[in-house]
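1. pasting the sequence and the predicted model now:
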Amino acid sequence: MILVMKEETIGAAQFKATCLAVLDDVARSGRPVIVTKRGKPVAKLVPLTKKRRRPFSKSVLYIADDIVKSTGDKWNAGG
């Protein structure tokens, strides 16, 4: 079974008057909406997909200096 989501079309004037409701509908239903101006498509509103988070990704973790060498500061590990 193939599920096809039909894109809705809305005129620019109607979109302007109801844009918050249209945004809510796209987010809730997942269906894209095409905005037209004088009958011609000018924009497509699509829901965002959630990104998967990758913990400790190489792009997130960066070691700026040597983490093994001593800083020279004295400290008490016992508190």
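-> Received it, and whenever you're ready, just let me know what you need.

2. now the residue sitting nearest the centre point of the chain: which helix or strand?
-> Compute the mean C-alpha point of the chain, and by Cα atoms, centre = their mean the closest residue is Leu48, 5.2 Å away. Under DSSP states H and E, no helix or strand contains Leu48.

3. quick one: the strands in this structure, in order.
-> Here the chain has its strands, by DSSP state E, at 8-11, 33-37, 40-45.

4. among those strands, which is the most enclosed?
-> Of all the strands of the chain, strand 33-37 has the most neighbours on average by mean count of other Cβ atoms under 10 Å, namely a mean of 16. Placement of C-beta: from N, CA and C, glycine included.

5. sheet-wise, list the partners of that one with their directions.
-> Under the criterion DSSP bridges, strand 33-37 sits next to strand 8-11 (parallel), strand 40-45 (antiparallel) in its sheet.

6. quick one: mean pLDDT over the longest one.
-> If you average the pLDDT over strand 40-45, you get 96.

7. what lies in contact with it?
-> Residues from elsewhere that reach strand 40-45 (Cβ atoms under 8 Å, 6 or more residues apart in numbering): 7, 9, 12, 22-23, 26, 32-36.

8. one more time with 6 Å
-> Contacts with strand 40-45, where a contact means Cβ atoms under 6 Å, 6 or more residues apart in numbering, come from 26, 32-35.

9. wait, what's in contact with Glu7?
-> Contact partners of Glu7, counting by Cβ under 6 Å, 6+ apart, are 32, 34.
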